[in-house]
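A.B. asks: predicted model, plus sequence, below.
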Amino acid sequence: MEYGKDNRLDQLLQSYGADRTRWPEAERQRPGMGESEDDARAIDRLLSLASVPDVPDGAAARLMQRIAAEPQGAEIIAFRPRAKPWSIMRYVAALPLAASLALGIYLGAQGSLDFMLPTAVTGEVALGDDVTDELGGVGEADAYAEENLT
Amino acid sequence: MTRDGRNAEDVKDFRQMTDGTLLQAAAARDPAAFAEIVSRYHQPVYRLVWRMTGGSADSEDIAQEAFVRLWRNPAQVREAAALKGWLMRVASNAVIDRSRKPRHSGIDEGPEPPDPTARPDAPLDRAQAARIVDGRLAALPDRQKLALSLVYFEGMTNIDAARVMEVSVEAVESLLARGRRSLKESLSGEWRDLLDGLGTKGR
């Protein structure tokens, strides 16, 4: 882009022409004459010669006819679950699981299955001194200390 | 009933509505609301397409396509206030897409046969001058042509034109300047005849 003394003024003339009503509103009051004002005015006159086409007769009606035949693609279809005639049957699969859980709780409360569990779980280790001695040798600790530390 | 088949009462109601309300109604499949959108913006969209195609016979189809796309999914216009700009963008993109495809010969393409009654030394009349300028405008690069069409012929602000073209305001100004300069250069042979003809022949 070629610029004169006032670069912006020439830029406005070259972009929008000499008719200031076509300029951006904030810049219409810019003082001075651009070097390319005559050129801009001549191009404005050439542009004013261009045709202003009219919409062909019936074009809007033809468009609306096409619209009437055109489905809208963005239709939202609400999700509805399928009706199930055997709805009670959905719980059948859960019955064995529920029965197993109930039996497990009952047997656990009775203690009938304690023999299957490790002693750490039943509390036998904490309650029996003998067991402690057998496992860790704690009962001989005093004798060991007397023999080796004195 | 109006030209496009609407009841006069419907027209009166819809004319009061904003673009946003019309879009909502169109999304609810209200053809009368859509007809109001058509009545507001069909002309500028058609003119834009016509200019960009150099007056092609396809102009009506291309303009129609922009509205059909809107009808199919009105929700794609995110800013209802920018509806006109959205239509202009879709239409201009359609023109540019078509211009990239191989051309088929149409009756409106190619040079016009010379008028046997025309005298070579006679000043150009308004219609002749318009045809020359239209032809040179149509030959401009697409982006320059689009900038000139939006700002000069459709009277959009540089900011709105920049939104339609999805470029900066500075880029629009540059395209306008280049478009005007290219037009002047392409008309350098007829420059004086065109401008002189303006004063000697009626509009």
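C.D. replies: Received it, and whenever you're ready, just let me know what you need.
A.B. asks: tell me which element the most centrally placed residue in chain B falls in.
C.D. replies: By CA atoms, centre = their mean, chain B has its centre lying nearest to residue B:48, at 0.7 Å. Taking DSSP states H and E as the criterion, residue B:48 maps to helix B:31-53.
A.B. asks: need the next SSE after that helix, C-terminal direction.
C.D. replies: helix B:59-72.
A.B. asks: before we move on, the earlier item: for the residue nearest to the centre of chain B, which non-adjacent residue is closest in space?
C.D. replies: Distances taken as CB to CB, 6 or more residues apart in numbering or on different chains place residue B:149 nearest to residue B:48, at 5.3 Å, with adjacent residues excluded. The C-beta positions use only the backbone N, C-alpha and C, and glycine is treated the same way.
A.B. asks: same question for residue B:187.
C.D. replies: residue B:136 (5.6 Å).
A.B. asks: return the set of buried residues in the one helix or strand the one you found maps to.
C.D. replies: Counting by DSSP H and E, the element that carries residue B:136 is helix B:126-138. Using 16 or more other CB atoms under 10 Å in any protein chain shown as the test for burial, helix B:126-138 gives B:128-138.
A.B. asks: before we move on, the earlier item: surely the residue nearest to residue B:187 and residue B:185 touch.
C.D. replies: No - under the criterion of CB atoms under 8 Å, residue B:136 makes no contact with residue B:185, lying 9.5 Å away.
A.B. asks: endpoints of stretch A:47-56, how far apart?
C.D. replies: Distance across stretch A:47-56, first residue to last, is 23 Å (CA to CA, to the nearest Å).
A.B. asks: same question for that stretch, mean pLDDT?
C.D. replies: Average pLDDT, stretch A:47-56: 92.
A.B. asks: buried ones in it?
C.D. replies: Judged by neighbour count (16+ other CB under 10 Å), stretch A:47-56 contains these buried residues: A:47, A:49-51, A:53, A:55.
A.B. asks: quick one: which of those residues sit in helices?
C.D. replies: Using DSSP state H, the members of these that fall in helices are residue A:47.
A.B. asks: save the buried residues of stretch A:47-56 as a markdown table, and put in distance to residue B:100 too.
C.D. replies: Below are the buried residues of stretch A:47-56 laid out as a markdown table (distance: CB to CB, whole Å):
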| residue | distance to residue B:100 |
| --- | --- |
| A:47 | 26 |
| A:49 | 29 |
| A:50 | 24 |
| A:51 | 25 |
| A:53 | 23 |
| A:55 | 26 |
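A.B. asks: that concludes my questions; thank you for your assistance.
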